[in-house]
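Peer 1: Would you be able to build a 3D model of this:
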Amino acid sequence: MTGQKVGYVRVSSSDQNAERQLDGVALDRAFTDRASGGSTDRPELEALLGFVRADDTVIVHSMDRLARNLGDLRRLVEELTGRGVRIEFLHEHLTFTGEDSPMATLMLSVMGAVAEFERALIRERQREGIELAKSRGVYRGSQKRLSTARVAELRRRSESGEEKAALAREFGISRQTLYRYLLHELGGRVDV
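Peer 2: The predicted structure is shown next:
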């Protein structure tokens, strides 16, 4: 009896298209995390690990979508294949079953190391670009969304009992940003 085909998708931000990673792949179930690859908080990955059973196949677009680094990749592949779960990486055209040859194990290590190296290069280029922009006076980091006067108004209206969700909508900020303004303004105290 063959198991289920289970997809895992990870995108770094909410505006990225998660569907394109496994587009056209027939799946019985899919798990999608919206988190940075470096994040250890990936609840859908944890849910997938709890869901899959022996004879299932986990399908992932590429190695860098599954793991944060080479050690994490090897651990996840070993954990899944050790439980009788097959794992396929579409981009790399690699499949691991737990009965892998020494060559397959080498390929996992090499391809995982290449993916980790690519991420490190991207971060380095990003840092260099930011430093260059700062030296030219172009980069200033993220700007405050509300002026001091608007923050004072937000604080006053919140203290008078107005609903925080309604205030966030009116001021054009997320509730999380609203709470950050209130925490800063109130010295770390906010009534939720």
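Peer 1: Export the helix or strand containing residue 153 to PDB, keeping only CA atoms.
Peer 2: Here residue 153 sits within helix 148-159, counting by DSSP states H and E. Extracted as PDB, the C-alpha positions of helix 148-159 are listed here (Å, rounded to 0.1, in the frame of the first residue of the first chain):
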ATOM      1  CA  THR A 148       5.100  62.100  17.600                       C
ATOM      2  CA  ALA A 149       1.800  64.000  17.500                       C
ATOM      3  CA  ARG A 150      -0.100  61.000  16.000                       C
ATOM      4  CA  VAL A 151       1.500  58.600  18.600                       C
ATOM      5  CA  ALA A 152       0.300  61.000  21.400                       C
ATOM      6  CA  GLU A 153      -3.200  61.000  19.900                       C
ATOM      7  CA  LEU A 154      -3.100  57.200  19.600                       C
ATOM      8  CA  ARG A 155      -2.100  56.900  23.300                       C
ATOM      9  CA  ARG A 156      -4.700  59.300  24.500                       C
ATOM     10  CA  ARG A 157      -7.500  57.600  22.600                       C
ATOM     11  CA  SER A 158      -6.300  54.100  23.700                       C
ATOM     12  CA  GLU A 159      -6.300  55.300  27.300                       C
END
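Peer 1: which helices and strands does it pack with?
Peer 2: helix 164-171, helix 175-185 (3 or more Cβ pairs under 8 Å, 6 or more residues apart in numbering; DSSP states H and E). Glycine gets a C-beta too; all of them are placed from N, C-alpha and C.
Peer 1: for residue 62, what are its contacts?
Peer 2: 89-92, 115 (Cβ atoms under 8 Å, 6 or more residues apart in numbering).
Peer 1: switch to 6 Å and redo it
Peer 2: Contact analysis of residue 62 by Cβ atoms under 6 Å, 6 or more residues apart in numbering lists 89, 91.
Peer 1: The helix or strand bottoming out on mean pLDDT in the chain versus helix 148-159: what angle between them?
Peer 2: For the chain, using mean pLDDT, DSSP states H and E, the weakest element among its helices and strands is helix 175-185, scoring a mean of 80. Here helix 175-185 points in a direction 100 degrees away from that of helix 148-159 (axes from the mean of the first three to the mean of the last three Cα atoms, to 10 degrees).
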